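1. model this:
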Amino acid sequence: MGAADIDVWISAHPLLFFAGLIWALLWKGAALWAAARANERWWFSVLLVVGTLGLLEGFYLFVVKRAWRMRKDA
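-> Residues are numbered from 1 along each chain as shown. Next up is the predicted model:
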């Protein structure tokens, strides 16, 4: 899929494109905020650079942060 094909797809499906964009930005913002509050610089750097449409961010929020909270509470 070339750049011209991507332009055609976005033109044909603008709502789907913007919904995906907002989805990814919300997950990225939540994960970056959580990593910054926990002073986890490596996670913050990785989350900032890697774009995974919310997959890595969701993993961080639901797996890594949950494990961190359990250790903190114990």
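2. so after the top helix by length along the chain, what's the next helix or strand?
-> With secondary structure taken from DSSP state H, the chain has its longest helix at helix 14-37. Later in the chain than helix 14-37, the nearest helix or strand by DSSP states H and E is helix 41-49.
3. flag every buried residue along that next one.
-> 43-44, 47 (16 or more other Cβ atoms under 10 Å). Backbone N, C-alpha and C define where each C-beta goes, glycine included.
4. packing partners of it?
-> helix 14-37, helix 55-59 (3 or more Cβ pairs under 8 Å, 6 or more residues apart in numbering; DSSP states H and E).
5. so for the shortest one, mean pLDDT?
-> In this model, helix 55-59 has a mean pLDDT of 81.
6. just the CA trace of that helix, in CSV.
-> Extracted in CSV, the C-alpha atoms of helix 55-59 (Å, rounded to 0.1, in the frame of the first residue of the first chain):
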residue,chain,number,x,y,z
LEU,A,55,-2.3,-1.7,22.0
LEU,A,56,1.0,-1.0,23.9
GLU,A,57,-0.7,1.7,25.8
GLY,A,58,-3.5,-0.6,26.9
PHE,A,59,-1.0,-3.3,27.9
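7. quick one: list the elements packing against that helix.
-> By 3+ Cβ pairs under 8 Å, 6+ apart, helix 55-59 packs against helix 14-37, helix 41-49.
8. need the contact partners of the last one.
-> Applying Cβ atoms under 8 Å, 6 or more residues apart in numbering, the contact partners of helix 41-49 are 28, 31-32, 35-36, 56-57, 60, 64.
9. and for the longest one?
-> Residues lying outside helix 14-37 but in contact with it, judged by Cβ under 8 Å, 6+ apart, are 9-10, 43-44, 47-48, 51, 53-54, 56-58, 60-61, 65.
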